[in-house]
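In: Below is the sequence, then the predicted model.
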Amino acid sequence: MTEILKHINSPEDLRKLNSEELKSLAQELRKFIIDIVATKEGHLGASLGVVELTVALHYIFNTPEDLLVWDVGHQAYGHKILTGRRDVFETNRQLNGISGFPKREESNYDTFGVGHSSTSISAALGMAIASNLKGEFNKQHIAVIGDASIASGMAFEGLNHAGVTKANLLVILNDNAIGIDPSVGALKEYLTKARVGYKPASDNIIEALNFKYFGPVDGHDLEGLLKTLKEMKNIKGPKFLHVITKKGKGLKKAEEDQVKYHAPGKFEPDTGELLKYDTDGLPIKYQDVFGLSLVELAKNNEKIIGITPAMPTGSSLKYMMKAFPERAFDVGIAEQHAVTLSAGMATQGFTVFCAIYSTFLQRAYDQLIHDVALQNLPVVFCLDRAGLVGEDGATHHGVFDIAYTRPIPNLIIAAPRNEVELRNFLYTAQLGIDAPMIIRYPRGRGVLKEWKLAFEKVEIGKAECLKEGSQVAVISLGNMAKNVETAIENLEEEEQNKVAHYDIRFVKPLDKKILNKILEKFSKIITVEDGVIKGGFGSSILEYAASLYYTGHIELLGIPDEFIEQGSVDELQEIAKINVQGIQRKLESMI
């Protein structure tokens, strides 16, 4: 560990340094982040870009008494290291380690738990108003938000409210022209003008909202930042600082390829060269099956539209955007807008595929109900990262979508068990289904090496029997089929013959014909899903069985009634008892 950083156990230690020592600390902090993330993985570019800003904030403001809120939290690694978590930072995003995002239970310096974007202004404003109510008029409240996040509707709601209050709120715009992918939209163009020296005077958007505006300033000029923040600290009311930074600052490769180095995996810390993994012969990722298949379909169907809220790379809609740029749209961090935009296009006869992470669709629940399902518009929601996603933890697991979409009328909810089924669900949806449809699939690689087979139409609501058996029926959903198949194969041969396996494929509508046969034949049933048990797919089986006065025994396997934290997918499936061994043990106990 380097000379100054090893003595910084809290911001109080930081505030004892002189200006030259602060500059050295910033260099050491940047190297420390690079060295750890190179071997342990995690989010890289965002934290490298705000090293000087992080040092300046904790130097000028009296944290944790002054309240600092980071938006999303991708950029908070330096903050964690300077606030007492340096020696455990290598456990970042690992099972039983520290979270990859700010988390209130973890530190009193983490004033607000984050992970989804655009919440910082509202949260910090709430804290500032509360401070006024308590008579704490000198307390500072700082929200650090990126240029991609501030374009979200919720951020503007916070700005709009803050401008008519006397809240002691400082909003710092960390403007690096990129979120995970490059920022988009008219606001981005406005900010770009400010970056290159254009001075919006009477038409300054921020000043029009009653904020005192400062900037743009160089986010890597530590002395300049200290001077500006010190001046702004003494100004009461809502104020706004526009800071220009470079994502990936200090690592050449990360500066040159900011998308890839947002979360690059393992790399050489000195050069930034990504470590090479032998992926020959491995199945491709589900997201790429979606993206490439959509391009195939779009070639023959001019009515296909692709939409994503700020995730063209993560969802692989980038392929559609390259092949058919006039029919594929990145709308920025605006999930509500993405859903209703899709609905608007659907009213005009287009088949819209809205590619969105399961955890992010939560942010557009009203639009899903009111603007899509209520009007029975045939929007196809391609829910990437459904199920447990691993090291990003509780804020990003896509485990609630089955439970929160299942009660909505008109929705079709499907979960392919492999890549070929994903292709066929996409193909079937674009043929015309006269209803909104959700297709949920997991993060990561599939299970088949040969996935690019000819498209086949799927019968909506049709389940499949994958294996006959005599004593216990297992009903799995989506990618859980693979774990179930392996668990059955691990049983003794005599026990294998006693287990039947069904792939339900559709949560809505349920295949009541095949369910009737299962309920008539088997007195013991197990359901397996990678979503929450309460209200999930297994619950729908229980409900249907109860309506038929079924007297047998049904066991539900899935995510328990608690938030699952970070760890590898294998580790987290083990915790939830939906890994191969957990399913095998349940089978053995019921045979």
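Out: Noted; the coordinates are in hand.

In: buried sites along the helix or strand containing Lys322?
Out: Following DSSP states H and E, one finds Lys322 within helix 318-323. Under the neighbour-count criterion of 16 or more other CB atoms under 10 Å, helix 318-323 has Lys318, Tyr319, Met320, Met321, Ala323 buried. Placement of C-beta: from N, CA and C, glycine included.

In: Does anything pack onto it? Which helices or strands?
Out: Using 3 or more CB pairs under 8 Å, 6 or more residues apart in numbering; DSSP states H and E as the contact test, the elements touching helix 318-323 are helix 286-300, strand 328-330.

In: Quick check: what element follows the first one along the chain?
Out: Spelled out, that is helix 286-300. By DSSP H and E, the next helix or strand past helix 286-300 is strand 304-308.

In: tilt between that following strand and helix 286-300?
Out: 150 degrees (axes from the mean of the first three to the mean of the last three CA atoms, to 10 degrees).

In: who does strand 304-308 pair up with?
Out: strand 328-330 (parallel), strand 351-357 (parallel) (DSSP bridges).

In: who's in contact with the closest residue to Lys252 other than its chain neighbours?
Out: Among residues not flanking Lys252 along the chain, Gly272 sits closest, at 6.1 Å (CB to CB, 6 or more residues apart in numbering). Each residue near Gly272 by CB atoms under 8 Å, 6 or more residues apart in numbering is listed here: Leu251, Lys252, Lys253, Ala254, Tyr261.

In: again, 10 Å this time
Out: Residues in contact with Gly272 (CB atoms under 10 Å, 6 or more residues apart in numbering) are 34, 38, 44, 248, 250-257, 261, 264.

In: And the helices in the stretch 251-400 of the chain?
Out: 252-256, 286-300, 318-323, 335-346, 358-361, 365-367 (DSSP state H, counting those that start in this stretch).

In: Deepest in the core, which of those helices is it.
Out: Ranked by mean neighbour count, these are led by helix 358-361 with a mean of 25 (mean count of other CB atoms under 10 Å).

In: pLDDT weak spots in the protein?
Out: 1-2, 195-202 (pLDDT under 70).

In: Could you export the longest strand along it as PDB, CA atoms only?
Out: In terms of residue count, the longest strand belonging to the chain (DSSP state E) is strand 524-532. C-alpha atoms of strand 524-532 as PDB (Å, rounded to 0.1, in the frame of the first residue of the first chain):
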ATOM      1  CA  LYS A 524     -45.900 -34.800  -4.700                       C
ATOM      2  CA  ILE A 525     -45.000 -31.800  -6.800                       C
ATOM      3  CA  ILE A 526     -42.000 -29.400  -6.700                       C
ATOM      4  CA  THR A 527     -41.900 -26.100  -8.500                       C
ATOM      5  CA  VAL A 528     -38.500 -24.400  -9.300                       C
ATOM      6  CA  GLU A 529     -38.000 -20.800 -10.300                       C
ATOM      7  CA  ASP A 530     -35.300 -18.100 -10.100                       C
ATOM      8  CA  GLY A 531     -37.800 -15.500  -8.800                       C
ATOM      9  CA  VAL A 532     -39.300 -14.800  -5.400                       C
END
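
In: that older thread, which one of the buried residues of helix 318-323 sits closest to Glu489?
Out: Nearest to Glu489 among those, counting by CB to CB, is Tyr319 at 35.3 Å.

In: Next one: the closest one from Arg440, what distance?
Out: Distance, Tyr319 to Arg440, by CB to CB, to the nearest Å: 20 Å.

In: Glu157 versus the residue nearest to Lys252, what's the distance?
Out: For Gly272 relative to Glu157 (CB to CB), the value is 38 Å.

In: so what's the closest residue to Thr228 other than its chain neighbours up against?
Out: Once flanking residues are discounted, Thr228 sits nearest to Val217: 5.7 Å by CB to CB, 6+ apart. Neighbour list for Val217: Leu53, Gly224, Leu225, Lys227, Thr228, Leu229, Leu241, His242, Val243, Ile244 [criterion: CB under 10 Å, 6+ apart].

In: before we move on, what about Gly314?
Out: 180-181, 259, 262-263, 287, 308, 355-357, 360, 384-385, 443.

In: which one of these is nearest Asp87?
Out: Ala263 (23.1 Å).

In: distance of the residue of the chain most remote from its centre from Gly469?
Out: The centre of the chain is farthest from one residue, Glu494, which by CA atoms, centre = their mean lies 43.5 Å away. Relative to Gly469, Glu494 is positioned 12 Å away (CB to CB).

In: for Pro509, same thing?
Out: Distance from Pro509 to Gly469, by CB to CB: 25 Å.

In: Which one of the two is surrounded by more residues?
Out: Counted by other CB atoms under 10 Å, Pro509 and Gly469 do not tie: Gly469 has more neighbours, with 20 against 13.

In: In contact with the more buried one, which residues are there?
Out: Per CB under 10 Å, 6+ apart, neighbours of Gly469: Ile488, Glu495, Gln496, Asn497, Lys498, Val499, Ala500, His501, Tyr502, Lys521, Phe522, Ile591.
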